[in-house]
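Chemist: quick one: sequence and predicted model below, then my questions.
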Amino acid sequence: QVQLVESGGALVQAGGSLRLSCAASGRTFNNYSMGWFRQAPGKERDFVAAANWIGGTYYADSVKGRFTISRDNAKNTVYLQMNSLKPEDTAVYYCAARGGSWRVGPGAYDYWGQGTQVTVSS
């Protein structure tokens, strides 16, 4: 089992920045690929970014150049730095973990956090 706890969500103005954190506990964090997803009201859960256990990263086109995923294996934590935020980034952001390489489909992830709300005002 892996337990994930997100934090850092907030209300921010368009153009602002936030950093989300996801603290993991349980099994060896290093063995997992970590992903960030988001879900707006009435919409499906969408892939945002992922990082595998050796630091390779991948981003959705909608956030490329604005968001950065990083992980600190010593702290069992993955981060999502979000810059130049837009109102359309408003959603609940979820952290997820899976054994093996990253995937974009939420169904491929085994463990999920409870989510943290990000609201971007125009």
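Modeler: Arrived safely.
Chemist: so which residues of the protein form helices?
Modeler: For the chain, helices defined by DSSP state H do not occur.
Chemist: so where's it uncertain?
Modeler: Judged against pLDDT under 70, the chain has no low-scoring part.
Chemist: again, 90 this time
Modeler: 1, 25-31, 53-55, 73-74, 100-102 (pLDDT under 90).
Chemist: measure the residue most central in space within the chain to Thr28 for me?
Modeler: Residue closest to the mean C-alpha point of the chain, counted by C-alpha atoms, centre = their mean, is Trp36 at 2.3 Å. Applying C-beta to C-beta, to the nearest Å, the value for Trp36 to Thr28 is 20 Å. Glycine gets a C-beta too; all of them are placed from N, C-alpha and C.
Chemist: for Asp72, same thing?
Modeler: 14 Å.
Chemist: and Trp112, by the same measure?
Modeler: 18 Å.
Chemist: more neighbours: which of the two?
Modeler: Trp112 (17 against 11; other C-beta atoms under 10 Å).
Chemist: show me the contacts for the more buried one.
Modeler: Leu4, Tyr94, Cys95, Ala96 (C-beta atoms under 8 Å, 6 or more residues apart in numbering).
Chemist: quick revisit: against Lys86, how distant is the residue nearest to the centre of the chain?
Modeler: When Trp36 is compared with Lys86 (using C-beta to C-beta), they lie 16 Å apart.
Chemist: likewise Lys64?
Modeler: For Lys64, the distance to Lys86 - C-beta to C-beta - is 13 Å.
Chemist: more neighbours: these two, which one.
Modeler: The residue with more neighbours, out of Lys64 and Lys86, is Lys86; 14 against 10, by other C-beta under 10 Å.
Chemist: wait, that one touches Val12, no?
Modeler: No. With contacts counted by C-beta atoms under 8 Å, Lys86 stays clear of Val12, the gap being 10.6 Å.
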